[in-house]
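Participant: show me how the following folds:
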Amino acid sequence: MSTFLSPTSQPTAALRRADGSAIRILVVDDEASLTDLMKMALRYEGWEVRTAGTGRAALEVAREFRPDAIVLDIMLPDLDGMSVLRRLRGDGDDVPVLFLTAKDALDERIAGLTAGGDDYVTKPFSLEEVVARLRSLIRRSTLTAASDGPIRAVGDLTLDEDSHEVTRAGVAIELTATEYELLRFLMRNPRRVLSKAQILDRVWSYDFEGKASVVELYISYLRKKIDAGREPMIHTVRGAGYLLKPAGIPG
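Facilitator: All right, here's what the predicted structure looks like:
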């Protein structure tokens, strides 16, 4: 079972929304004891927390509460977590989602990420780990205070670190929080080969089993959005990693 954050431990620097209000988290799990523990831990961070025990309840709360991130169990008594996420994405809601799963299987992890999830933890887990993962996801999202970085440009591809807007040849490109963070890392290192290990460390900030396939999955997502129908900018260097360079530039 998960462990609980000690009330005597020192909280990390407060993370708040861009307007200064408390971060909103929705926790979805049918185990009441688990949601109660998570609610206590997340409130200790100064965040506002709502809970739901079924998939349908989660959809109702998400639409009314407008959370900044969702902790979502894959196994629920009615709609499973991936079905809940697909409905949210179908409604145009790109809220970051941290999946909870009781199965330590790579195919389920990949399925969750493929469905549009941003990260996952496997039960049993520590609440400290959940908080750390959520903080990382929230920092990537556009709902928190804007970063102080400039507009970045590689060829006809631009990324505004203040607004999180991405365009190529003037056409807006919609990215999930994780896709955005991956692209930003690539654009901060143009024409530099980045290994899968470097990408994992920077974008996901932790190591986990089956890591190579997750990087490959998200690179493929970016290619579909950045390179589809255009001269490619994202390149694979066999046995070394990936690099981003302006279209039409050799080497």
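Participant: in the stretch 1-150 of the chain, where is pLDDT below threshold?
Facilitator: Filtered on pLDDT under 70, the stretch 1-150 of the chain yields the residue ranges 1-14, 18-19, 103-116, 140-150.
Participant: at 80 instead, please
Facilitator: For the stretch 1-150 of the chain, the stretches flagged by pLDDT under 80 are 1-20, 102-118, 120, 139-150.
Participant: and the strands in it?
Facilitator: Assigned by DSSP state E, counting those that start in this stretch, the stretch 1-150 of the chain shows strands spanning 24-28, 48-52, 69-73, 97-101, 119-122.
Participant: what's near enough to touch the residue nearest to the spatial centre of the chain?
Facilitator: Centroid-nearest residue in the chain, with Cα atoms, centre = their mean: Asp118, separated by 3.2 Å. Residues counted as contacts of Asp118 (Cβ atoms under 8 Å, 6 or more residues apart in numbering) are Pro96, Val97, Leu98, Leu137, Arg140, Thr176, Ala177, Thr178. All C-beta atoms are positioned from the backbone trio N, CA, C, and that covers glycine.
Participant: reformat those residues as JSON lines; add neighbour count and distance to Arg238.
Facilitator: Shown next, in JSON lines, are these (neighbours: other Cβ atoms under 10 Å; distance: Cβ to Cβ, whole Å):
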{"residue": "Pro96", "neighbour count": "23", "distance to Arg238": "32"}
{"residue": "Val97", "neighbour count": "30", "distance to Arg238": "33"}
{"residue": "Leu98", "neighbour count": "21", "distance to Arg238": "33"}
{"residue": "Leu137", "neighbour count": "22", "distance to Arg238": "32"}
{"residue": "Arg140", "neighbour count": "23", "distance to Arg238": "29"}
{"residue": "Thr176", "neighbour count": "22", "distance to Arg238": "27"}
{"residue": "Ala177", "neighbour count": "23", "distance to Arg238": "29"}
{"residue": "Thr178", "neighbour count": "24", "distance to Arg238": "24"}
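Participant: determine which two of these are furthest apart.
Facilitator: Longest distance between any two of the contacts of Asp118 is 13.1 Å, between Leu98 and Thr176; criterion Cβ to Cβ.
Participant: secondary structure element holding His235?
Facilitator: strand 234-237 (DSSP states H and E).
Participant: in that strand, what's buried?
Facilitator: Ile234 (16 or more other Cβ atoms under 10 Å).
Participant: for it, name the packing helices and strands.
Facilitator: In terms of contacts (3 or more Cβ pairs under 8 Å, 6 or more residues apart in numbering; DSSP states H and E), strand 234-237 is packed against helix 211-226, strand 241-244.
Participant: what about Leu100, neighbour count?
Facilitator: 24 (other Cβ atoms under 10 Å).
Participant: and if you look at Ala102?
Facilitator: 12.
Participant: that one and Glu216, how far apart?
Facilitator: Separation of Ala102 from Glu216 (Cβ to Cβ, to the nearest Å): 25 Å.
Participant: now swap in Asp68 and tell me
Facilitator: Taken as Cβ to Cβ, the span from Asp68 to Glu216 is 29 Å.
Participant: neighbour count for those two, which is higher?
Facilitator: Legend: neighbour count by other Cβ under 10 Å for Asp68 and Glu216, higher for Asp68 (25 against 13).
Participant: residue ranges for the helices of this protein, please.
Facilitator: For the chain, the helices defined by DSSP state H cover 32-44, 55-65, 81-90, 106-114, 127-140, 177-187, 196-199, 211-226.
Participant: in TSV, list those along with distance to Pro232.
Facilitator: Below are the helices of the chain laid out as TSV (distance: least, Cβ to Cβ, whole Å):
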stretch	distance to Pro232
helix 32-44	41
helix 55-65	36
helix 81-90	26
helix 106-114	22
helix 127-140	25
helix 177-187	13
helix 196-199	18
helix 211-226	7
